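> Just the structure for this:
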Amino acid sequence: MSDLSFAGFCEEVGKHLGVNARYATELTRAVVRVLVARIAAGDAVRIPGLGTFGNKPAGQYSGRLPSGKPCRKARRRVPRFRAAEELRRKVAALPV
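Prediction:
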C-alpha cells in the first residue's frame with residue numbers, strides 16, 4: 001500500500017471519467033471547495049459509500065504554554081468524518 005497524492009488522485013479521477021488531467025484536477029478542486037465551504041458553514045455532507053463530513057463542538061480544556069504556564073483553551077468546533085458502513089467493511093477486509 002502507498003499514499004495517494006492529490007495529483008495521483010486527480011489522475012485516477014481523469015482515467016475513470018475519460019477526461020484529461022487538467023479537467024479532472026479542476027473538477028476535484030471544485031468538489032473539495034464545496035465540501036470545505038459546506039462544512040465551514042456548519043452543514044453535514046453525506047456521500048454514500050464514503051461517509052459523512054461535518055463538524056462538532058470541542059469543549060474547553062486546560063493546556064500548557066511552551067513556558068509550562070497553565071492556560072485555558074476556548075471551546076471551538078472541529079472537523080469530523082464518519083466512515084460509511086461500506087467503507088468500514090472494505091477497510092476491515094484488508095490484510096493487517
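
> Okay, and the beta partners of the closest residue to residue 84 other than its chain neighbours?
In space, and not counting its chain neighbours, residue 84 is closest to residue 51: 4.5 Å by C-beta to C-beta, 6 or more residues apart in numbering. No exception for glycine: its C-beta is placed from N, CA and C like everyone else's. Counting by DSSP bridges, residue 51 is bridged to residue 47, residue 83.

> Contacts only, for residue 51.
Taking C-beta atoms under 8 Å, 6 or more residues apart in numbering as the contact definition, residue 51 lies against 81-84, 87.

> With just CA atoms, put the helix or strand harbouring residue 38 into PDB.
Assessed by DSSP states H and E, residue 38 sits inside helix 21-40. Coordinates of each C-alpha in helix 21-40 appear next as PDB, following Å, rounded to 0.1, in the frame of the first residue of the first chain:
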ATOM      1  CA  ALA A  21      -5.800  15.600 -16.300                       C
ATOM      2  CA  ARG A  22      -6.400  19.300 -16.300                       C
ATOM      3  CA  TYR A  23     -10.200  18.900 -16.300                       C
ATOM      4  CA  ALA A  24     -10.000  16.100 -13.600                       C
ATOM      5  CA  THR A  25      -7.900  18.400 -11.400                       C
ATOM      6  CA  GLU A  26     -10.300  21.300 -11.900                       C
ATOM      7  CA  LEU A  27     -13.300  19.000 -11.100                       C
ATOM      8  CA  THR A  28     -11.600  17.600  -8.000                       C
ATOM      9  CA  ARG A  29     -10.700  21.000  -6.700                       C
ATOM     10  CA  ALA A  30     -14.300  22.200  -7.100                       C
ATOM     11  CA  VAL A  31     -15.600  19.200  -5.100                       C
ATOM     12  CA  VAL A  32     -13.100  19.900  -2.300                       C
ATOM     13  CA  ARG A  33     -14.000  23.600  -2.300                       C
ATOM     14  CA  VAL A  34     -17.800  22.800  -2.000                       C
ATOM     15  CA  LEU A  35     -17.100  20.300   0.800                       C
ATOM     16  CA  VAL A  36     -15.000  22.800   2.800                       C
ATOM     17  CA  ALA A  37     -17.500  25.600   2.300                       C
ATOM     18  CA  ARG A  38     -20.400  23.500   3.400                       C
ATOM     19  CA  ILE A  39     -18.600  22.100   6.400                       C
ATOM     20  CA  ALA A  40     -17.400  25.500   7.400                       C
END
